[in-house]
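Enquirer: okay, structure incoming, though there's no sequence with it:
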């Protein structure tokens, strides 16, 4: 089991560029979500999905787009990168209700927007 | 807005000592979870306690939950240098959709 796989691990973008952060899980989890983590902060929810074809906004959705065409994949798109989007991005997945094992997190994508 | 607030923000102890971290939250929850994050790494799930539970143990970890006070504590007994990490509490609300709301974390330093 690979768990939750995020690519790339590091990325530098210029202001205005777009890109897609990839997230894939092989645990057949229904729920997937994207968080961002800024220095000295906890994680803040960007978007989440409760199943294929269903997505919803979290706390900080502006500037990001998501889709969920399969159970396994949940890509995060930055539409027009801004310096304020410099952050570490984490993808997570879980069974409904967190199960007994909570969420499984990917290792993160460190994004710098210059 | 962040649901949980950990206390203290930073904790420094010696190996062998116990470490206690506290978490307070604001709204009703389905469960509360604790995660560990080593520097530069992803989060690792430690333990989950449901709203109808008061205490839970896992190895050297002990978690308590007081829903009347909207608070939880994480106790790590006999700390080791390898326990050095940031610890986050996260709450899952009762909305029916599984999303977590995180606190800002406690940074634990265990010195040999």
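Expert: Great, that's in hand. Keep in mind that this is a model prediction, so the values were computed, not measured.
Enquirer: need the contact list for residue B:75.
Expert: With contacts defined as C-beta atoms under 8 Å, 6 or more residues apart in numbering or on different chains, the neighbours of residue B:75 are B:18, B:19, B:20, B:61, B:62, B:63, B:64. Bear in mind the C-beta positions are built from the backbone N, C-alpha and C, glycine included.
Enquirer: what about the third one, neighbour count?
Expert: Residue B:20 is surrounded by 15 other residues when neighbours are defined as other C-beta atoms under 10 Å in any protein chain shown.
Enquirer: now the last one
Expert: Residue neighbour count, defined by other C-beta under 10 Å, stands at 15 for residue B:64.
Enquirer: verify the stated contact: it with residue B:73.
Expert: Yes: with contact defined as C-beta atoms under 8 Å, residue B:64 reaches residue B:73; the gap is 5.0 Å.
Enquirer: any shared contact partners between those two?
Expert: Residues within reach of residue B:64 and of residue B:73 at once, by C-beta under 8 Å, 6+ apart: there are none.
Enquirer: may I have the beta-bridge partners of the residue lying closest to residue A:46 once chain neighbours are set aside?
Expert: Sequence neighbours aside, residue A:34 is the residue nearest to residue A:46 in space, at 4.3 Å (criterion: C-beta to C-beta, 6 or more residues apart in numbering or on different chains). Here residue A:34 shows beta-bridge partners residue A:47, residue A:91, assigned using DSSP bridges.
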